[in-house]
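1. Could you work out the structure for the sequence below:
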Amino acid sequence: MGGRRQAREQALQLLYQVDLGQRSVDDAFRLFWDDEEEPTEPDVVEFARILARGVRAQTERIDELISDASINWKIRRMSLVDRNILRIAVFEFIGRDDIPAMVSINEAIELGKRFGTTDSGGFINGILDRIARNLGLTAGGKGRR
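-> Model prediction:
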């Protein structure tokens, strides 16, 4: 598994912990990596931190974008897993010009398949595709048009 995919998985787990435990991202970091049996590569840890902190810092804007794109779904009714996968991808859309939108979408779909329900991949794909279009992101290109 690639380092960035591993970092996205760890960021998802961290954000899930934050949502469930109502704790800070920094507390979740300490708990997460203190329990780790095998040390994670420093670049993986750093990218996971960037993602988790970025999501938390921009949750309000991210959630607005998700809400605007989700038809018949209130964000608070989405599963914690799907919601946090969407948040990570949307943060990448708005906060990471070095990651093509299509990469963020594909990675989110894979996270949904691995950690969500059987319907998560399609659900995540539909919402992220709509958000990418709303933001004027190119499907396969690097960032904005």
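2. Report the buried residues of the longest helix anywhere in the chain.
-> Of all segments of type helix in the chain, defined using DSSP state H, the longest is helix 3-21. Residues of helix 3-21 classed as buried: 4, 6-18 (neighbour count, 16 or more other C-beta atoms under 10 Å). No exception for glycine: its C-beta is placed from N, CA and C like everyone else's.
3. Identify the residues contacting that helix?
-> 23-25, 28-29, 31-32, 40-41, 43-49, 51-52, 55-56, 80-81, 83-85, 87-88, 107, 110-111, 114-115 (C-beta atoms under 8 Å, 6 or more residues apart in numbering).
4. Which of those residues fall within helices?
-> Those of the contacts of helix 3-21 lying in helices (DSSP H): 25, 28-29, 31-32, 43-49, 51-52, 55-56, 80-81, 83-85, 87-88, 107, 110-111, 114-115.
5. where does this protein dip in pLDDT?
-> 1, 33-40, 138-145 (pLDDT under 70).
6. Isn't R61 up against F93?
-> No: when contacts are counted by C-beta atoms under 8 Å, R61 is not listed as touching F93 (10.8 Å).
7. Comparing the two, which residue is more hemmed in?
-> F93 (23 against 13; other C-beta atoms under 10 Å).
8. Against V45, how distant is that one?
-> Using C-beta to C-beta, to the nearest Å, we find F93 at a distance of 23 Å from V45.
9. ok, and for the strand or helix carrying L128, which residues are buried?
-> Taking DSSP states H and E as the definition, L128 sits inside helix 120-134. By neighbour count on 16+ other C-beta under 10 Å, the buried set for helix 120-134 is 120-121, 123-124, 127-132.
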